[in-house]
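A.B. asks: Dropping the sequence and predicted coords here.
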Amino acid sequence: MAARFHFRLEPLLKLRKSLEQEAQRQLAKTVAVRNEAEAHLKNLEQQHGDAVVSRSSGPGQEIKLTFWADLERFLVVLEKRMVHARIDLEAAEQKVVQARLSLTKAHQEYLMLLRLKERRQEQHNLAAFHEEIREADEIAVLRHRFTRARPVRSSTP
């Protein structure tokens, strides 16, 4: 009977699987951070649009110069925040790209070991199959010799 298949690199395979899962979690975190940065930028853009709309006044309405001055200062600050938010969004995008590359590499390394395990298992199964065939042939040869060596009894006394 052939021995059970044992893959010597099984602990490494499990480690690579856990590294791949960690890379997936890391990618999910970086995507969440990027989405937050994108939402923050959209919020700032919405505030900017609302402030620009509030700047307009209808015909015949009085214009409050202090309100306009405050609004212009607010718009300047908001535009600076938007610039920083865009920079943060770009940085988050770069981190997402790096996390995707890391996940791809971890997945490839895991698959490489998994394919190696599958090849080794196929080789083991083939060797076990050949061993079974060889043993069956030996048994057949021994049976044949045993039946030929036995004297044939005649049915007549």
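C.D. replies: On my side now, so go ahead. Residues are numbered from 1 along each chain as shown.

A.B. asks: Of all the helix elements in the protein, which one is longest?
C.D. replies: helix 65-149 (DSSP state H).

A.B. asks: For the chain, which helix or strand comes out least confident on mean pLDDT?
C.D. replies: helix 65-149 (a mean of 93; mean pLDDT, DSSP states H and E).

A.B. asks: and the longest helix of the chain, how far from the chain's centre?
C.D. replies: 5 Å (C-alpha atoms, centre = their mean, to the nearest Å).

A.B. asks: just checking, what packs against that helix?
C.D. replies: helix 10-55 (3 or more C-beta pairs under 8 Å, 6 or more residues apart in numbering; DSSP states H and E). Every C-beta, even on glycine, is put in place using the N, C-alpha and C of the backbone.

A.B. asks: for the helix it packs on, packing partners?
C.D. replies: On a contact count with 3+ C-beta pairs under 8 Å, 6+ apart, helix 10-55 meets helix 65-149.

A.B. asks: now the angle between helix 10-55 and the helix it packs on, please.
C.D. replies: Orientation check (axes from the mean of the first three to the mean of the last three C-alpha atoms, to 10 degrees): helix 65-149 against helix 10-55 gives 160 degrees.

A.B. asks: hang on, isn't Arg55 packed against Phe67?
C.D. replies: No. Assessed by C-beta atoms under 8 Å, Arg55 is found out of contact with Phe67, at 9.1 Å.

A.B. asks: Just give the closest residue to Asp17, not the sequence neighbours.
C.D. replies: In this structure residue 17 is Lys, not Asp. Leaving aside its sequence neighbours, Lys17 sits nearest to Tyr110 (C-beta to C-beta, 6 or more residues apart in numbering; 5.6 Å).

A.B. asks: ok, now how distant is that neighbour from Val31?
C.D. replies: Per C-beta to C-beta, to the nearest Å, Tyr110 is found 21 Å from Val31.

A.B. asks: more neighbours, the two?
C.D. replies: Higher neighbour count among Tyr110 and Val31: Tyr110, with 21 against 15, using other C-beta atoms under 10 Å.

A.B. asks: ok, the more buried one - contacts?
C.D. replies: With contacts defined as C-beta atoms under 8 Å, 6 or more residues apart in numbering, Tyr110 is in contact with 13, 16-17, 19-20.
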